[in-house]
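>>> have a look; sequence and predicted model below, questions after that.
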Amino acid sequence: MSMARFSPFELVLLNSRSQVDTATLLLLAWVLVNRQHVSEGQRRRRLAQVTAQFRHGHELGPVMSIAHHQDLQAIQLAAEILRKECSQERSLSVLHQSITVATDDGDLSLANHYILRFLADLLNVTPTTLSTLFYELTGRPLTSPEDPSRHAYWQRHNPDYFNQKAREAAAEQQARDEAAQQADEKHQQRKQKKQRKQQEKQRQQEEAQARQAHARQERERQRQRDDQSRREQAQREQARQDRSRYERAQGERRQWQRTAPPPDRTTRALAVLGLPPGASRSDVRLAYRRMAQLHHPDRFFTESEHQVALASARFQRIKNAYDYLMQTY
Amino acid sequence: MRDLYQRLSLSPEASEHDIQDAVMRCPNSALRQDAESVLAVNEHREAYDTLHQTLNDIGCLRARLGLTHGAHWQGDVANDFSLPPDHAISRHDELVDRVSNAVSLYNRWRRWRGPWLLVAVFATGAGIGVVMGFALCLGLAAG
């Protein structure tokens, strides 16, 4: 037995004509205090309005101030009284009142989500009953409360802050990029000088080769001329035979001619490696090394199996192209 | 709603520096991101703290009223804000005890006709004082 003084709520309770009404009053005030965007006067008026039928017979002021202090012991006392003395119908009407008080104009605040559920548990009201009651009173289903402990909640409710942050990050990134670009340009200039020297050397070699090739070509051309006369004779005969077949297939052939002629296999293989037609063998090897590193399936090991499958398909294509080029070049 | 303080093993009054430290040390990247966008921003932290306080209160109330396994108390909230039942006596019983104590005191007071008793006690006290003073005076005069 403690000899502490009576707390304000206990005094109010002792002066009250109906303890249940006073306890309900405190819990409704608690709900009201946790409602947002409402002025103090509006709160008092609303509380007086809802509790017009109550028989407590004391002022609302002290109860409201106790609720403002979020006095846990007083609220516990009120909850105990309510649980002890509330009938089934009374508990439904208390819940009804607290829902109307919590959602007059619209949204249920997060704190009230949890307070209403606490009251429902206290008054032995099942979740289905609570949600039907809520739906009937507000015309909206009772959703589960949002979670402000998550990143997504704040992204939805305070997008300005995140936009600002993203902008700052972008500016920083840009500054870093510019610095990197400058370094890159210097590097490239050095590279270009080196390339120019190499090209000079190559041109001299090529000129020497071209002179040798010219003599060889002269000899070949003579032989080709002889071959051609023989071949033309044979072709003329074959053309006569083929004419009927040719006419049948003409429709298809016209379509074929309209589209661009397909690039030959070497060009396609070079395109797979990201090279222009006429790239050198060493270029091909370099490009293959780079592409193989970029698309190797082992790099996608940490991601999904689907990614690995896609990467291995790409890698196979690159390898095929490289093999072909190495054989023919 | 989760208790980020509990999950980062911080106290709700932790300073910004402590929070930064704990966030850096946190091995769970999702939790780290959440803590960064909730606790590291003052505005967000204030809103979060208000709700955190309310939920702490509700958890405490539920523990004392035996409602920790209620149908409406589930998921993250129930995991993070449920407290073990403390052995605080029921407030209502306490009130009844206190009122009956006050009543018995009052009754005893009335039964012994308290005001008269008080006057009698004062009168005897005063009489004894006078006698003692008189004796002291006599002693001093004789000495």
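Looks like it arrived, so ask away.
>>> outline the domain layout of chain B.
B:4-81, B:96-142 (automatic domain parsing).
>>> and the helix or strand bottoming out on mean pLDDT in chain B, what does it pack onto?
Ranked by mean pLDDT, DSSP states H and E, the helix or strand of chain B with the weakest confidence is helix B:75-81, at a mean of 87. Helices and strands touching helix B:75-81, as assessed by 3 or more C-beta pairs under 8 Å, 6 or more residues apart in numbering or on different chains; DSSP states H and E, comprise helix B:42-65. Placement of C-beta: from N, CA and C, glycine included.
>>> kindly report the residues of the stretch 101-250 of chain A close to chain B.
By the rule C-beta under 8 Å from any C-beta of the partner chain, the part of the stretch 101-250 of chain A lying against chain B is A:110-111, A:114-115, A:117-118, A:120-122, A:126-127, A:130, A:145, A:147-151, A:154-155, A:158, A:161-162.
>>> which of the residues you listed fall in strands?
Of these, none are assigned to strands by DSSP state E.
>>> please pick the buried ones from the residues you listed.
Burial by neighbour count, judged by 16 or more other C-beta atoms under 10 Å in any protein chain shown, picks out A:110-111, A:114-115, A:117-118, A:120-122, A:130, A:145, A:147-151, A:154, A:158 from those.
>>> which SS class is B:Asp86?
coil (DSSP: H, G, I helix; E, B strand; the rest coil).
>>> any stretches of chain B with poor pLDDT?
Within chain B, no range satisfies pLDDT under 70.
>>> residue ranges of the helices in it, please?
B:4-7, B:16-25, B:29-38, B:42-65, B:75-81, B:91-111, B:114-142 (DSSP state H).
>>> export those helices to CSV and tack on mean neighbour count?
Formatted as CSV, the helices of chain B follow (neighbours: other C-beta atoms under 10 Å in any protein chain shown):
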stretch, mean neighbour count
helix B:4-7, 19
helix B:16-25, 14
helix B:29-38, 17
helix B:42-65, 18
helix B:75-81, 17
helix B:91-111, 13
helix B:114-142, 10
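>>> those helices: which one's closest to A:Ala210?
Nearest to A:Ala210, of all the helices of chain B, is helix B:29-38, at 62.6 Å by C-beta to C-beta.
>>> that closest one near chain A at all?
Yes: contact between helix B:29-38 and chain A, assessed by C-beta under 8 Å from any C-beta, occurs at B:33-34, B:36-38.
>>> mind listing what the closest residue in space to A:Asn15 that isn't next to it in sequence touches?
In this structure, A:Asn15 finds its nearest non-sequential neighbour in A:His58, 5.5 Å apart by C-beta to C-beta, 6 or more residues apart in numbering or on different chains. By C-beta atoms under 8 Å, 6 or more residues apart in numbering or on different chains, the residues touching A:His58 are A:12, A:15-16, A:22.
>>> filter the residues you listed down to the ones in helices?
Those of those lying in helices (DSSP H): A:12, A:15, A:22.
>>> now rank those residues by neighbours and give me the top one.
Within the ones in helices among the contacts of A:His58, most neighbours by other C-beta atoms under 10 Å in any protein chain shown means A:Thr22, with 26 neighbours.
>>> I figured that residue hits A:Ser16, correct?
Yes: with contact defined as C-beta atoms under 8 Å, A:Thr22 reaches A:Ser16; the gap is 4.1 Å.
>>> what touches both of the two?
A:56, A:58.
>>> re the thing from before, sitting in helices, which of the residues of the stretch 101-250 of chain A next to chain B do you find?
Per DSSP H, those map to helices at A:110-111, A:114-115, A:117-118, A:120-122, A:127, A:130, A:151, A:154-155, A:161-162.
>>> among those, which two are most distant?
Maximum pairwise distance among these (C-beta to C-beta): 38.9 Å, between A:Leu122 and A:Phe162.
>>> centroid-nearest residue for chain B?
Centroid check for chain B by C-alpha atoms, centre = their mean gives B:Ala88 as the closest residue, at 10.4 Å.
>>> what about A:Pro141, which SS state?
Secondary structure state of A:Pro141, per three-state DSSP, is coil.
>>> check contacts around it.
So A:Pro141 contacts A:131, A:134-135 (C-beta under 8 Å, 6+ apart).
>>> got the phi and psi for it?
phi -70, psi 150 (degrees, to the nearest 10).
>>> can you put the helices of chain B in a markdown table and add distance to A:Arg290?
Output for these, formatted as a markdown table (distance: least, C-beta to C-beta, whole Å):
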| stretch | distance to A:Arg290 |
| --- | --- |
| helix B:4-7 | 45 |
| helix B:16-25 | 37 |
| helix B:29-38 | 31 |
| helix B:42-65 | 45 |
| helix B:75-81 | 48 |
| helix B:91-111 | 76 |
| helix B:114-142 | 104 |
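>>> in CSV, list the residues of helix B:29-38 next to chain A along with distance to B:Val23.
As requested, these are exported to CSV (distance: C-beta to C-beta, whole Å):
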residue, distance to B:Val23
B:Gln33, 9
B:Asp34, 10
B:Glu36, 6
B:Ser37, 10
B:Val38, 10
